[in-house]
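S.K.: my questions concern the predicted model and sequence given below.
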Amino acid sequence: MGPQARARRPTGPEHGAAQVHRDKRRAWAGFAFHAMFLGTMLTAVTLRQGHEEFPGATLLVFTALSWLPLLFRTRWPLAVLGATVLAESLHLVVVPFVDPGLSTPIAMAAYQPVPLATMGAAWTVATRLPRAYAWGACGPAAVILLIVSLIARPHSLIATDMVMFDLVVIATTVGRFVSGHREREALRARQRQADTHAEVVAERLRIARDLHDVLAHHLTLVNAQAGVAGYLMRTDLPAASTALQDISTHTRRALDELRATVGLLRQDGEGPGPEGLRPVPGLERLDELLDGFRSAGAVISLRVTGRTGPLAAGADMAAYRIVQEALTNATKHAPDAGIAVHLHWSPRALELRVENEPAPYRARALPAPGTGHGLIGMRERAGSCGGLLDTRWTPEGGFAVTATLPAEAAGTDSPTTERLAP
């Protein structure tokens, strides 16, 4: 076990108390099992003639000899199975000498307490070992007892011999059923744990994408506004003041959205979210998004065609974030280049395209650094709601982001609109 595995192991007083409780419960269950078998075997050997008769010393010795290996059944199940088969085989051989007049079938009384100890050992093997090992050990055990009884006892007791064989097989079958149930429960528990882990990872990725989009978007605008303000400070103070106010606006919005995103981590999943948090953004805030970029000097045109309608679950926010990230990348990597945003609605999907013109030479000379996380995030957002995303360079030298997001149903008629930044 490596240090990481040890680090994941639960520790502390609560875990220690739970472990002590489990150990005590397991110890009491083992004690009850052994006590039940000993009591059953003594009762069987006492009533073996059909009435109460205290067994002789030989029967008591073989009963105890068969039962004692069961005390170690959980530690050495196969060895205990072999020991019980050996003890009960000796018992079958000795019984004719102890009760020489016993030559007619008396139900299972003829062999009591055989094969109770072997049944307990076979059940343990079946519940603790794989199927092949369990039947490979318990099947021969039942056959050995059957063969010994056929050799040592009169053939008139063959029906009783077969019942003894069947009892060992039944104990093995029940043990395999219990083991299969435990395995299925363990598999379901592992599956639930895997599903929970996958949900946690997906939620972490979603929050990481939100933080990336929010911070990248607003910091890009702040950087652009700061450049504009620095230039206007020498030429136009009122305009510079307006640019500084825009910086304040964008930083405030960034803090609000950051607070809203982080606030999701503090919710317990019940009741409304923290007060004052902004709602999850969607296409209804598209104009506000474009105005923020335009205030930083970007030239953006918006064209909406088709019949607008509701989007599939999660697609509305995905569309907003994809447009936001595409605009952020365009203004960062191709400043001063025109940007065209086109939303085309169809009965089954929304196709949105954000395309920027080739960057001016002075902008291309010093490209802004990037990590590629933005493109990955856009592709993940589209895929999370069942959509597709494509990014490619245009023949003119610009860059286009195209996303197809599923819609719930055809919407109402809406006229084609086209808006161009002043």
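M.R.: The structure has been received and is ready for your questions. Because the structure is predicted, anything quoted here is derived from the model rather than measured.

S.K.: tell me the domain boundaries of this structure?
M.R.: The chain is divided into the following domains under automatic domain parsing: 24-195, 283-422.

S.K.: so which of those comes closest to residue 230?
M.R.: domain 283-422 (12.7 Å; C-beta to C-beta). Yep, even glycine has a C-beta here, placed from its N, CA and C like the rest.

S.K.: gap between that closest one and the chain center?
M.R.: Taking the mean of its C-alpha atoms, domain 283-422 sits 34 Å from the chain's own mean (C-alpha atoms, centre = their mean, to the nearest Å).

S.K.: repeat that for stretch 181-193.
M.R.: 11 Å.

S.K.: give me the buried positions along it.
M.R.: Within stretch 181-193, no residue counts as buried by 16 or more other C-beta atoms under 10 Å.

S.K.: ok, and what's touching that stretch?
M.R.: residue 127 (C-beta atoms under 8 Å, 6 or more residues apart in numbering).

S.K.: rounded mean pLDDT for it, please.
M.R.: For stretch 181-193, mean pLDDT is 89.

S.K.: ditto for stretch 79-88
M.R.: Mean per-residue pLDDT for stretch 79-88: 92.

S.K.: nearest approach to residue 222 belongs to which of the domains of the chain?
M.R.: Using C-beta to C-beta, the domains of the chain put domain 283-422 closest to residue 222, at 8.5 Å.

S.K.: where do the helices sit along the stretch 51-200 of the chain?
M.R.: Under the criterion DSSP state H, counting those that start in this stretch, the stretch 51-200 of the chain contains helices at 57-67, 77-98, 116-128, 131-152, 158-232.

S.K.: can you put the ones you listed in TSV and add distance to residue 391?
M.R.: Listed next are the helices of the stretch 51-200 of the chain as TSV, based on distance: least, C-beta to C-beta, whole Å:
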stretch	distance to residue 391
helix 57-67	75
helix 77-98	61
helix 116-128	56
helix 131-152	52
helix 158-232	16
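
S.K.: out of those, which one sits most buried?
M.R.: When those are scored by mean count of other C-beta atoms under 10 Å, the highest mean neighbour count falls to helix 116-128 (a mean of 26).

S.K.: what sits up against that helix?
M.R.: For helix 116-128, contacts defined as C-beta under 8 Å, 6+ apart pick out 33, 37, 40-41, 44, 66-67, 69-70, 73-74, 77-78, 80-81, 83-85, 87-88, 133-134, 137-138, 141-142, 145, 167-168, 170-176, 178-179, 182.

S.K.: recalculate using a threshold of 6 Å.
M.R.: 37, 41, 66-67, 70, 73, 77, 80-81, 84-85, 88, 134, 137-138, 141, 167-168, 171-172, 175-176, 178-179 (C-beta atoms under 6 Å, 6 or more residues apart in numbering).

S.K.: residue 127 and residue 63, how far apart?
M.R.: Separation of residue 127 from residue 63 (C-beta to C-beta, to the nearest Å) stands at 24 Å.

S.K.: ugh, typo on my part, it should be residue 294
M.R.: For residue 294 relative to residue 63 (C-beta to C-beta), the value is 95 Å.

S.K.: could I get the phi/psi values of residue 357?
M.R.: Dihedral pair for residue 357: phi -70, psi 170, per degrees, to the nearest 10.

S.K.: now do the contacts for it.
M.R.: Per C-beta under 6 Å, 6+ apart, neighbours of residue 357: 337, 338, 398.

S.K.: tell me how far it lies from residue 351.
M.R.: From residue 357 to residue 351 the distance is 20 Å (C-beta to C-beta).

S.K.: same check on residue 146?
M.R.: Counting by C-beta to C-beta - residue 146 and residue 351 are separated by 76 Å.

S.K.: on the three-state scheme, residue 400 is what?
M.R.: strand (DSSP: H, G, I helix; E, B strand; the rest coil).

S.K.: determine the three-state secondary structure at the residue lying closest to it once chain neighbours are set aside.
M.R.: Spatial nearest neighbour of residue 400, excluding adjacent residues (C-beta to C-beta, 6 or more residues apart in numbering): residue 355 at 4.1 Å. When classified by three-state DSSP, residue 355 comes out as strand.

S.K.: I'd say residue 355 and residue 340 touch.
M.R.: Yes. Counting by C-beta atoms under 6 Å, residue 355 does reach residue 340; the two are 5.1 Å apart.

S.K.: so where's the stretch 51-200 of the chain shaky on pLDDT?
M.R.: Residue ranges of the stretch 51-200 of the chain with pLDDT under 70: 51-55, 95-111, 154.

S.K.: re the thing from before, using a markdown table, please lay out the domains of the chain together with distance to residue 206.
M.R.: Formatted as a markdown table, those follow (distance: least, C-beta to C-beta, whole Å):
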| stretch | distance to residue 206 |
| --- | --- |
| domain 24-195 | 16 |
| domain 283-422 | 8 |
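
S.K.: among those, which is nearest residue 207?
M.R.: domain 283-422 (11.6 Å).

S.K.: what is the burial count for the residue nearest to residue 206 when sequence neighbours are not counted?
M.R.: Nearest residue to residue 206 in three dimensions, chain neighbours excluded: residue 384, at 7.7 Å (C-beta to C-beta, 6+ apart). Residue 384 has 17 neighbours, counted by other C-beta atoms under 10 Å.

S.K.: show me where the stretch 251-400 of the chain has helices.
M.R.: Counting by DSSP H, counting those that start in this stretch, the helices of the stretch 251-400 of the chain are 286-295, 315-333, 361-365, 373-384.

S.K.: any of the contacts of residue 357 buried? List them.
M.R.: Buried, going by 16+ other C-beta under 10 Å: 337, 338, 398, out of those.

S.K.: the first one contacts residue 329, correct?
M.R.: No. In terms of C-beta under 6 Å, residue 337 does not count as a neighbour of residue 329; the distance is 11.4 Å.
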